[in-house]
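# I would like the atomic coordinates for the input below:
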Amino acid sequence: MRTFSLVFLLLSLTFCQKTKQDAEISIAFPTDPPSLDPLFATDLVSGKLSKFLYAGLFRIQDSRPIENLASSSVWKKEKDGIVWEIRLRKTQNGPSAEDVLFSFNRLQQGNSPRKGDYHFLKKISLSSEPNSIILSLDENTSEEEAKEKLALPFASILSKKKFTETGEFHSFGAYRVDFWKKNEFIDLSLKEPNPSLPGTIRIRILPQSSTSLFLYRKGELDAFKLTDFLLSLPEAKQENTLVKKGRSIQYVAINQTNPCFDKNFRYAINYSINRQEIISKLLEDKADLSFGPVPLPFFETAFPKTKVPAASYPYDPKKAMEYLKQSKCYPKILDTTLEFRMRGDDENQTKGRAILQALKNIGLKANLKGMEKAPLYKENGEGKGDLTLLTWYADYESVWNFLDPLFHSEKKGNGGNRSFYENEEVLKILKDRSRRDETTAWKVLEKVEKDAPWIFLWSIQENYMISEKFIRYESLSDYL
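Numbering: from 1, shown residues only. Prediction:
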């Protein structure tokens with residue numbers, strides 16, 4: 001009898017205790033962010049998470065930087081450079097000028113991979129005006145570019161008090177991190193009530209899209225990115241699919257440190273790829289061609305005064321063979337086995353095999369090497385591998401974000417220039433930030449396209465499956 005009573009008591013406690021409430025919205029990310037430090041938000045997942053957690057003095061809206069935590073600013077050109085005084089927005093839980101000073105000092109002194117993007121910041125100091133800060137800038141800095149750089153996650157403003165007391169990266173975005181179980185989930189909660197955003201979000205770490213689809217069908221997931229293999233799903237109807245175009249470019253970085261990979265070789269492998277067929281057969285027509293590193297759909301906004309050009313290097317196997325025969329190491333290059341690296345998942349390897357076959361069709365030998373993301377990027381940054389299939393997601397909607405840091409010869413490897421490309425004329429233009437206009441951007445783009453440091457491939461449309469519940473929050477799609 002006593003045994004029965006004990007069992008009954010235990011069962012009662014088990015079923016009557018209050019269960020943990022589920023998050024209002026559940027979103028899938030393919031990988032964990034490597035860190036919550038905004039200085040290291042260089043990968044796509046960190047960039048997406050930054051939108052939830054962090055806020056800077058400026059933000060990008062309709063391809064232009066606008067005030068965010070800043071309320072106003074005064075830009076003055078003086079003898080020794082530019083003096084920029086920025087007044088902060090007055091809010092109850094907003095940052096202080098001390099927070100901005102602390103965050104920008106970290107940006108200057110920290111070991112961020114994108115530290116070089118902020119060399120235009122010469123000095124940071126508090127203003128005599130309340131809640132204001134003064135930035136001394138390089139004389140060649142343009143106001144538009146400075147605002148764009150301060151709108152990126154790397155320039156997010158952190159709470160000095162929270163960081164010095166607890167080491168936490170507490171910023172001033174809409175959400176805070178409540179709990180992070182590595183490789184499983186990140187729980188977020190809204191700091192202040194907002195009817196257009198859910199109060200709680202669980203970001204689930206789901207590397208396999210098949211798992212995301214299973215959970216979506218069970219009603220346990222509200223948003224996930226559709227891979228190439230899932231684009232023809234019956235559930236992927238228009239009202240439940242969110243499409244974002246022109247934010248990324250997929251390419252093969254050609255390692256410029258190898259003297260055999262001269263311009264003729266690079267032309268040869270570019271002309272060997274039947275991009276349109278791969279887009280049609282493997283990508284379900286959910287990708288767009290590019291001119292150099294810029295997606296064609298992006299041209300009308302990037303170059304309103306320029307006619308949209310034809311895509312780079314149309315498929316021409318005859319021309320590919322002609323250029324290969326003129327390359328520096330021909331015919332020896334035909335007996336050399338090239339190492340072709342990429343992410344090891346099925347989606348990337350399918351595209352990789354199609355590209356590999358095109359190279360073999362012109363007589364080249366290459367081995368496919370699938371790798372995990374972290375070592376792939378790390379070793380590419382060290383100059384390893386001959387050809388590396390990569391994807392660049394623009395930090396913000398600007399043509400310069402498809403040019404710098406990708407082709408800046410002082411930002412090689414993990415700084416962004418993953419093909420180790422060098423062109424003194426391009427470098428000079430990229431360093432002269434005062435000349436960042438449409439005419440100059442077009443000049444850089446033409447030079448890069450002609451030099452072909454990449455196999456220029458396509459811009460992948462980002463397709464997200466979203467639930468009816470997700471659709472009800474009108475601002476949430478901006479965070480994907």
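
# run through the stretch 301-450 of the chain and note the low-pLDDT ranges.
Scanning the stretch 301-450 of the chain for pLDDT under 70 picks out 433.

# Phe185 touches Leu206, doesn't it?
No: in terms of CB atoms under 8 Å, Phe185 does not count as a neighbour of Leu206; the distance is 9.4 Å. The C-beta positions use only the backbone N, C-alpha and C, and glycine is treated the same way.

# so what's Thr478 up against?
Not quite, residue 478 is Asp, not Thr. Lys51 (CB atoms under 8 Å, 6 or more residues apart in numbering).

# same check on Leu324?
By CB under 8 Å, 6+ apart, the neighbours of Leu324 are 264-265, 268, 330, 333, 362-364.

# before we move on, the earlier item: looking at Phe185 and Leu206, which has the bigger crowd around it?
Neighbour count, other CB atoms under 10 Å: between Phe185 and Leu206, Leu206 has more, with 23 against 18.

# hang on, that one packs against Tyr216?
No: contact criterion CB under 8 Å: Leu206 and Tyr216 do not qualify, at 10.2 Å.

# intersection of neighbour lists for those two?
Shared contacts of Leu206 and Tyr216, counting by CB under 8 Å, 6+ apart, come down to Phe224.

# ok, the closest residue to Gly81 other than its chain neighbours - contacts?
The shortest distance from Gly81 to any residue other than its chain neighbours is 4.4 Å, reached at Glu139 (CB to CB, 6 or more residues apart in numbering). Glu139 makes contact with 77, 80-82, according to CB under 8 Å, 6+ apart.

# could you rerun that using 10 Å?
Residues in contact with Glu139 (CB atoms under 10 Å, 6 or more residues apart in numbering) are 77-82, 120, 122, 433-434.

# what is the nearest of these to Pro34?
Phe120 (26.5 Å; CB to CB).

# tell me the pLDDT of the closest residue to Leu57 other than its chain neighbours.
Take Leu57 and drop its neighbours on the chain: the residue closest to it by CB to CB, 6+ apart is Ala70, 4.1 Å away. Listed pLDDT for Ala70 reads 95.

# check Leu9 too.
The model's pLDDT for Leu9 equals 40.

# out of the contacts of Glu139, which are inside helices?
When DSSP state H defines the helices, the subset of the contacts of Glu139 inside them is empty.

# out of those residues, what pair is the most spread apart?
Among these, Lys79 and Arg433 lie farthest apart (CB to CB), at 18.9 Å.

# the more surrounded of the two?
Arg433 (21 against 5).

# for the one residue sitting closest to the centre of the chain, give its distance to Lys48.
Most central in the chain under CA atoms, centre = their mean is Tyr393, positioned 3.5 Å from the mean C-alpha point. Using CB to CB, to the nearest Å, we find Tyr393 at a distance of 9 Å from Lys48.

# just Thr141 next, same as before
With CB to CB as the criterion, Thr141 and Lys48 are 28 Å apart.

# from memory the residue nearest to Leu57 sits against Ile133, does it?
Yes: Ala70 is within contact range of Ile133, at 9.2 Å (criterion: CB atoms under 10 Å).

# return the set of buried residues in the helix or strand hosting Lys318.
Using DSSP states H and E, Lys318 sits within helix 317-326. By 16 or more other CB atoms under 10 Å, the buried positions in helix 317-326 come out as 319-321, 323-324.

# which of those residues sit farthest apart?
Maximum distance among the buried residues of helix 317-326 (CB to CB): 9.7 Å, for Lys319 and Leu324.

# now for these two: what residues contact both?
Counting by CB under 10 Å, 6+ apart, the residues touching both Lys319 and Leu324 are 267-268, 271-272.

# those residues in strands, which ones?
If you go by DSSP state E, the shared contacts of Lys319 and Leu324 have nothing in strands.

# from those residues, which would you call buried?
267-268, 271-272.

# run through the helices of the stretch 201-350 of the chain in chain order.
209-217, 263-271, 275-281, 299-302, 317-326, 346-361 (DSSP state H, counting those that start in this stretch).

# could you export those helices as CSV, including distance to Trp400?
Listed next are those as CSV, based on distance: least, CB to CB, whole Å:
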stretch, distance to Trp400
helix 209-217, 32
helix 263-271, 23
helix 275-281, 25
helix 299-302, 9
helix 317-326, 30
helix 346-361, 27
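
# pick the most buried one from those.
Comparing these by mean neighbour count (mean count of other CB atoms under 10 Å), helix 263-271 ranks first with a mean of 22.

# tally of neighbours for the closest residue to Ser156 other than its chain neighbours?
Among residues not flanking Ser156 along the chain, Tyr54 sits closest, at 3.6 Å (CB to CB, 6+ apart). Here the number of neighbours of Tyr54 (other CB under 10 Å) works out to 25.

# same check, this time on Lys122
Neighbours of Lys122 using other CB under 10 Å come to 15.
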